[in-house]
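> need the 3D shape of this:
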Amino acid sequence: MENAYFQGPREFAKRGIKSEREIRRDIAAGKVPGFYAGNRFVIDSEAYIARIKAECLRNAEKGSL
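Predicted coordinates:
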């Protein structure tokens with residue numbers, strides 16, 4: 001049984017929130033909460049979604065000024 005809270009970049013991209021390329025770019029920039037298990041990066045899905053929502057809200061506030 002897979003854990004829905006921790007996913008690889010490809011599994012997270014299947015949610016349709018961000019593309020796999022954008023997710024991997026964020027991982028390289030250090031913006032994605034998670035950890036390496038061997039050579040595989042595992043994303044903390046709930047924390048990453050919360051970070052994406054916060055980023056969207058900040059961008060919406062900037063646009064309304």
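> list the contacts of the host helix or strand of Arg58.
Using DSSP states H and E, the element containing Arg58 is helix 45-64. Identification of contacts with helix 45-64 by C-beta atoms under 8 Å, 6 or more residues apart in numbering yields 4-7, 12, 17-18, 31-34. Backbone N, C-alpha and C define where each C-beta goes, glycine included.
> in the helix or strand bottoming out on mean pLDDT in the chain, what counts as buried?
Lowest on mean pLDDT, DSSP states H and E among the helices and strands of the chain sits helix 45-64, with a mean of 92. For helix 45-64, a neighbour-count test (16 or more other C-beta atoms under 10 Å) marks 45, 48 as buried.
> put the alpha carbons of it into CSV.
Taking Å, rounded to 0.1, in the frame of the first residue of the first chain, the C-alpha atoms of helix 45-64 are listed here in CSV:
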residue,chain,number,x,y,z
SER,A,45,2.8,16.1,-0.4
GLU,A,46,0.7,18.0,2.1
ALA,A,47,3.4,20.4,3.0
TYR,A,48,4.2,21.1,-0.7
ILE,A,49,0.6,21.7,-1.5
ALA,A,50,0.4,24.1,1.4
ARG,A,51,3.5,25.9,0.1
ILE,A,52,2.0,26.1,-3.4
LYS,A,53,-1.3,27.6,-2.0
ALA,A,54,0.7,30.2,0.0
GLU,A,55,2.7,31.1,-3.1
CYS,A,56,-0.6,31.5,-5.1
LEU,A,57,-2.1,33.7,-2.4
ARG,A,58,1.0,36.0,-2.3
ASN,A,59,0.9,36.3,-6.1
ALA,A,60,-2.8,37.2,-6.0
GLU,A,61,-2.1,39.9,-3.4
LYS,A,62,0.7,41.3,-5.5
GLY,A,63,-1.6,41.4,-8.6
SER,A,64,-4.4,43.3,-6.8
